[in-house]
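Asks: quick one, what's the 3D model for this:
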Amino acid sequence: MRLLWELLVLHSVLLCLADDNTLHGPVFLQEPDSLIFPLGSEEKKVKLSCEVKGNPRPTIGWKLNGSSIDVGMDYRYSLLEGDLLINNPNKSQDAGMYQCVATNPFGTIVSREAQLQFAYLENFKTRTRSTVSVRQGQGMVLLCGPPPHSGELTYAWIFNEYPSFVHQDSRRFVSQETGNLYIAKVETSDVGNYTCVVTNTVTNSKVLGPPTPLVLRNDGVMGEYEPKIEVQFPETVPSAKGTTVKLECFALGNPVPTISWRRADGKQLPRKARRHRSSGLLEIPNFQQEDAGLYECVAENVRGKNVARGQLTFYAQPSWTQQISDVHAAIEERVSWECRASGRPKPSYRWLKDGEPLQPQGRLQLEQGSLTIPNVSLSDAGMYQCVAENRHGVIFASAELSVIAIGPDFSKTLLKKLTLVKVGGEVIIECKPKASPRPTYSWKKGKDILRENERITVLDDGSLRIINVTKSDAGSYTCVATNHFGTASSTGSLVVKDPTRVMVSPFSMDVTVGESIVLPCQVSHDHSLDIVFTWSFNGHLIDFEKDGDHFERVGGQDSAGDLMIRSIQLKHAGKYVCMVQTSVDKLSAAADLIVRGPPGPPEAVTIEEVTESTAQLSWRPGADNHSPITMYVVQARTPFSVGWQAVSTVPEIIDGRTFTATVVGLNPWVEYEFRVVAANLIGIGEPSSPSEKRRTEEALPEVTPANVSGGGGSKSELVITWERRCLRSCRTGVALATWWPSGPWARSAGCRQWWPRRTPRATCSATRACRPSRPTRSRWASTTTRGKAPSAPSPSSTRQRKPTRAPTTVLARSISASDVEVSWAPPWENQHKGRIQGYEVRCWRHDEKEENAKRIRTVGNQTSTKVSNLRGNALYHLAVRAYNTAGTGPSSAAVNVTTKKPPPSQPPGNIVWNSSDSKIILNWDQVKALDNESEVLYRWNRESSTSVIETNKTSVELSLPFDEDYIIEIKPFSDGGDGSSSEQIRIPKISNAYARGSGSSTSSACTLSALSTIMISLTARSSL
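Replies: Residues are numbered from 1 along each chain as shown. All right, here's what the predicted structure looks like:
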């Protein structure tokens, strides 16, 4: 037995050498596997493999049935790089459980157990068998009775002579469990000699049993009888996880029974289950926990049925779910291991140290799969193994316990060479030498022993803590560590710096949407230290690259980190924190930003009640955005209105504290929807979501039909038209008409006088038979279910002829890149027939077909019109023709016109502004008109708060009031129209008489020709 000092020296030396991470205990790379050796094999050698790594290199030995094998004492045993070779293996001497044992100076481990078995198959002992005599129709069993053997067997039967084998079907079955041959119902064709053939699957050897003669009795044929199950599986069938389970079932009977399978618990058979040999064999591959249960085999024929039952139970060998790992512990430390394994039945645990069993005694605590050593000593070092086992298998897990015994060593953990701290701050100088057992610590400042006081303390881990640091604390500090094996020290310096202070901190502000502000953040600090400014908004760091449209760092000095916020939006309200950090301290200053803006949309607009001309509304206020709501406006929309229109309400002016109103002046029987818009001193907010659609009540008509006229129609027809005016009053109303002939021909017109007629609500015309080309008069009135409105008379006449002549003197001119003006003269009155009601202008591009021409119609005597939405710098053809209710007349000759070139498409770029005194000077790059773009014109215009300045230069000087924000846009224009505008430039209110700024350039290649004109739009808004 080694002395304690020998162990100490050994482990200290090994641990000192272990810094290269190469020294360790044995670890199995390959463990031996169980095998079956066929007796009589030409290979007269057995090899059990074992491969181990370790440093120093482990030595390997072997155990058989728990006893060590002395390789030198038996010439049949030899080792080859750890593998065990057995020459001329003997069944009686060498069968058993083998384990590989690996040892080096760090300890010993043993492998899992590997079983060595011998496979063989002897010959049948008997040479003859008695004749079997049965009746025809009777069931019969022929016994195989295999000879002594080891290894898995398979069975077959020869009928009469080889190679005629018995074919298995619903009537004949060979059990692979017993080898017996079963014939459910003997027939005359079954008479003959039967020989059992046994095959060893390991040795591949075969033996034939003595033949068994089968003859039929002469005392009659066997009658029908119910099934009798002769082959059945055991009542309990233990089945391993992942294996293939085979259940046999076969019955004798007349008629031949059918075999079926089911689960007694009512569950379906596993879908993976397969039936073989006419259902006599049920096979379940990859057996799992859910496949376990009570299974039934049912044999049935017309005489009855029989059932065999058996329980399939699930078992699993142990498998690791938590293994142990190597531990490096200092002397007197606490060490704990825990291993866990799954298995069925539940595994039990035991522990080995250096291959020998551990018992719970003294300092060792063993409980289930856990091992605890409260105070580790050098003697505890070694190789440990956790063993989990149940009746189906055993597994091993290994780990090394290294006990560290070393004097203090600072070679890898020197004190920090330079530690910085601010005056009044706190500092911890760490002292973490490598040592075992744990050392005691002391400190020196310079050459003097450092005494602890209310400011200076030595922590449990040896680190030095100083609070309320002063300038006098600066200097060199040495940590001294001592244990049983030596003393070591390490030195570092402490430098004391002045603290950083905020001189100008950000302050809370109240601003309006669109303004620009600067939040100051200026500090004083030790200029020998690097300083970093960061800003956060509502707890999130501001990304100046991502959010550069609104946020920018300004200041320009290392002691200033001001934040500019441009074009403030409602979303920018919140808490802003300026954070300043140096290598010795970190501080922050915060400010709240309140952003006032137009109110948010009102909510839940509801129609409470409607009448024929009113609607009662209610709503909930939206967000006021820090400026009280001063008023609400109600808007309405109908299927007949153009967009949303403001409506009259009671009260006429809805103040910000009122959330109901009555809309008046509505039209009867019209479907309305409403929305509400809020306003405050800042501006008008977004409208609410529309209300539901509601229809007003019906009412008595108030007006007569308008624009009643007549004419046209086919021969002997009178067509009368009118403008529907019943939108205010019609529900299911009709138009009531009476008409009569007029003029000197009235009595001979052949028309009845006063023809009353009703037309549906949606109809705006009526037709009546009458003498052609005769004047008539009619009277029209609107009616509803509530009554009739006043009527109105109107003259009319029967259908005319369509125009027969084309317009003359057609002229066309381009007025822009997208608009053309066309004019013409009407046909001579004495050259055409048919009254003209208007003109139709057709316009088509040169590369288009005339039938696809764009059509524009005028009404009455209008002899000119404008054609819009055309392509710039393109050739167009135009033609004009007259029309009336009878149709269109002939077309004029086509005229040609080319639209003007488009205006410049590039916006001005590189916009820069400078302010000096009360002037702002804007400069920009020239814009060059492309070949297909027109040159420009010039103009000057100024309107109240919005100014429009026109110039042909690339700069302009503006006189602007102070303390106002401005929005500026610059764009080129020409006789072809307005070009693309630059991005908006916001110039914040100027508190400094000398300021500079620039706008984002939309194109880096924009130039302006000498004749280009720039339109500058400026909007000023006073700050609140």
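
Asks: the spatially closest residue to residue 241 that is not a sequence neighbour bridge partners, please.
Replies: Nearest non-adjacent residue to residue 241, counting by C-beta to C-beta, 6 or more residues apart in numbering: residue 316, 4.0 Å away. Just so you know, the C-beta spots here come from the backbone N, C-alpha and C atoms, and that holds for glycine as well. Taking DSSP bridges, one obtains residue 344 as the residues bridged to residue 316.

Asks: what about stretch 837-857, average pLDDT?
Replies: Average pLDDT, stretch 837-857: 90.

Asks: residues in contact with the residue nearest to residue 241?
Replies: If a contact means C-beta atoms under 8 Å, 6 or more residues apart in numbering, then residue 316 has 240, 241, 342, 343, 344, 392 as its contacts.

Asks: rerun that using 6 Å as the cut-off
Replies: Contacts for residue 316 (C-beta atoms under 6 Å, 6 or more residues apart in numbering) come out as 241, 343, 344.

Asks: same check on residue 676?
Replies: By C-beta under 6 Å, 6+ apart, the contact set of residue 676 is 602, 605, 619, 632, 634, 688.

Asks: so how far is residue 632 from it?
Replies: 6 Å (C-beta to C-beta, to the nearest Å).

Asks: mind listing what residue 309 touches?
Replies: residue 296.

Asks: element containing it?
Replies: Per DSSP states H and E, residue 309 falls inside strand 304-322.

Asks: avg pLDDT for that strand?
Replies: 93.

Asks: show me where pLDDT drops low in the stretch 101-250 of the chain?
Replies: The model of the stretch 101-250 of the chain has no residue with pLDDT under 70.

Asks: now the chain
Replies: If you take pLDDT under 70 as the line, the chain has these spans: 1-21, 556-557, 702-719, 722-800, 829-834, 915-918, 931-947, 959-966, 986-1024.

Asks: could you redo the last one with a cut-off of 80?
Replies: For the chain, the stretches flagged by pLDDT under 80 are 1-22, 277-278, 361-362, 555-559, 700-801, 828-835, 905-906, 909-922, 924-968, 973-1024.

Asks: re the thing from before, distance of the residue nearest to residue 241 relative to residue 207?
Replies: Applying C-beta to C-beta to residue 316 and residue 207 gives a distance of 36 Å.

Asks: ok, now residue 445?
Replies: 96 Å.

Asks: what does residue 532 give?
Replies: From residue 532 to residue 207 the distance is 91 Å (C-beta to C-beta).

Asks: neighbour count winner among these two?
Replies: Here residue 532 and residue 207 are compared on neighbour count by other C-beta atoms under 10 Å; more neighbours surround residue 207, at 16 against 11.

Asks: just to revisit the earlier point, for the next helix or strand after the strand holding residue 309, which helices and strands make contact with it?
Replies: Next helix or strand after strand 304-322 toward the C-terminus (DSSP H and E): strand 327-330. Under the contact criterion of 3 or more C-beta pairs under 6 Å, 6 or more residues apart in numbering; DSSP states H and E, strand 327-330 touches strand 393-404.

Asks: quick one: the strand it packs on to chain centroid distance?
Replies: 44 Å (C-alpha atoms, centre = their mean, to the nearest Å).

Asks: can you pull out the residues in contact with that strand?
Replies: So strand 393-404 is contacted by 15, 25, 106, 109, 112, 317-318, 323-330, 339, 376, 378, 381, 383-388, 436 (C-beta under 6 Å, 6+ apart).

Asks: just checking: what are the partner strands of it?
Replies: strand 327-330 (parallel), strand 382-390 (antiparallel).

Asks: quick one: contacts for residue 148?
Replies: So, once contact is read as C-beta under 6 Å, 6+ apart, residue 148 ends up touching residue 122.

Asks: correct me, but residue 279 touches residue 262?
Replies: No - with contacts counted by C-beta atoms under 6 Å, residue 279 stays clear of residue 262, the gap being 11.4 Å.

Asks: can you count the residues close to residue 823?
Replies: Neighbours of residue 823 (other C-beta under 10 Å): 15.

Asks: give me the phi and psi angles of the residue nearest to it when sequence neighbours are not counted.
Replies: Distances taken as C-beta to C-beta, 6+ apart place residue 864 nearest to residue 823, at 3.9 Å, with adjacent residues excluded. Main-chain torsions, residue 864, degrees, to the nearest 10: phi -160, psi 160.

Asks: who are the packing partners of whatever helix or strand residue 563 lives in?
Replies: Using DSSP H and E, residue 563 falls within strand 562-565. On a contact count with 3+ C-beta pairs under 6 Å, 6+ apart, strand 562-565 meets strand 517-519, strand 551-554.

Asks: what's next to the first one, contact-wise?
Replies: Just to be clear, that refers to strand 517-519. 506, 511, 562, 563, 564, 565, 576, 591.

Asks: all the helices of the chain, residue numbers only.
Replies: Shown for the chain, the helices assigned by DSSP state H span residues 4-17, 91-94.

Asks: which other helices and strands contact the shortest one?
Replies: Yep, that's helix 91-94 we're talking about. Secondary elements touching helix 91-94 (3+ C-beta pairs under 6 Å, 6+ apart): none.

Asks: go again using 10 Å as the cut-off
Replies: Helix 91-94 sits against strand 114-121, with contacts defined as 3 or more C-beta pairs under 10 Å, 6 or more residues apart in numbering; DSSP states H and E.

Asks: just give me how far the strand it packs on sits from the chain centre.
Replies: So, by C-alpha atoms, centre = their mean, the centroid of strand 114-121 is 58 Å from its chain's centroid.

Asks: that one pairs with which strands, and in what direction?
Replies: When DSSP bridges is applied, strand 114-121 pairs with strand 35-38 (parallel), strand 96-104 (antiparallel), strand 149-150 (antiparallel).

Asks: beta-bridge partners for the nearest residue to residue 850 once chain neighbours are set aside, please?
Replies: Distances taken as C-beta to C-beta, 6+ apart put residue 844 closest to residue 850, at 5.5 Å, once the chain neighbours are dropped. On the basis of DSSP bridges, residue 844 takes part in beta bridges with residue 877.

Asks: residue 844 contacts residue 854, doesn't it?
Replies: Yes - at 6.8 Å, residue 844 counts as touching residue 854 under the criterion of C-beta atoms under 10 Å.

Asks: which residues do these two both contact?
Replies: By the contact definition C-beta atoms under 10 Å, 6 or more residues apart in numbering, residue 844 and residue 854 are jointly contacted by 876, 878.

Asks: burial count for residue 720?
Replies: Neighbour tally, residue 720, other C-beta under 10 Å: 26.

Asks: with that, I have no additional questions.
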